[in-house]
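> Here is my input; please provide its structure:
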Amino acid sequence: MRTPRRPANPHEAAEALFKPVKKPATPAVERPTLPNVKELVTLKLDSEVLAHFQAGGSGWQERINDALRAAMTNKD
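Sure thing, here's the model as predicted:
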């Protein structure tokens, strides 16, 4: 016996279309981190802090990075 091309109950057919598809979760692939790779981030700083580092001219982002690295190693 062949199944009909159209379902007998249109309401059940419509409900079946909107059921979420259950996909198996793919495991997260952890990529190895490379040493000394800089990452683009958004950071909110006080305007006075930003002005202080920008006053030295170009390279202000590296100076902020150096100051943060120094704070990392000088923790009490």
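> secondary structure class for the most centrally placed residue in the chain?
In the chain, the C-alpha nearest the mean C-alpha coordinate belongs to Val41, at 10.3 Å (CA atoms, centre = their mean). Secondary structure, DSSP: H, G, I helix; E, B strand; the rest coil: Val41 is coil.
> Can you tell me, leaving aside adjacent residues, what's nearest to Ala67?
Nearest non-adjacent residue to Ala67, counting by CB to CB, 6 or more residues apart in numbering: Phe53, 7.8 Å away. For the C-beta atoms, the positions are set from N, CA and C on the backbone; glycine is no exception.
> quick one: buried residues of the helix or strand the one you found falls within?
Using DSSP states H and E, Phe53 falls within helix 47-54. Neighbour-count burial for helix 47-54, counted by 16 or more other CB atoms under 10 Å, picks out Phe53.
> got the CA coordinates for it in PDB?
The C-alpha trace of helix 47-54 is given here as PDB (Å, rounded to 0.1, in the frame of the first residue of the first chain):
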ATOM      1  CA  SER A  47      39.000  59.600  28.400                       C
ATOM      2  CA  GLU A  48      41.900  60.900  30.600                       C
ATOM      3  CA  VAL A  49      43.700  57.500  30.400                       C
ATOM      4  CA  LEU A  50      43.200  57.400  26.600                       C
ATOM      5  CA  ALA A  51      44.400  61.000  26.300                       C
ATOM      6  CA  HIS A  52      47.500  60.200  28.400                       C
ATOM      7  CA  PHE A  53      48.600  57.300  26.100                       C
ATOM      8  CA  GLN A  54      47.700  59.100  22.900                       C
END
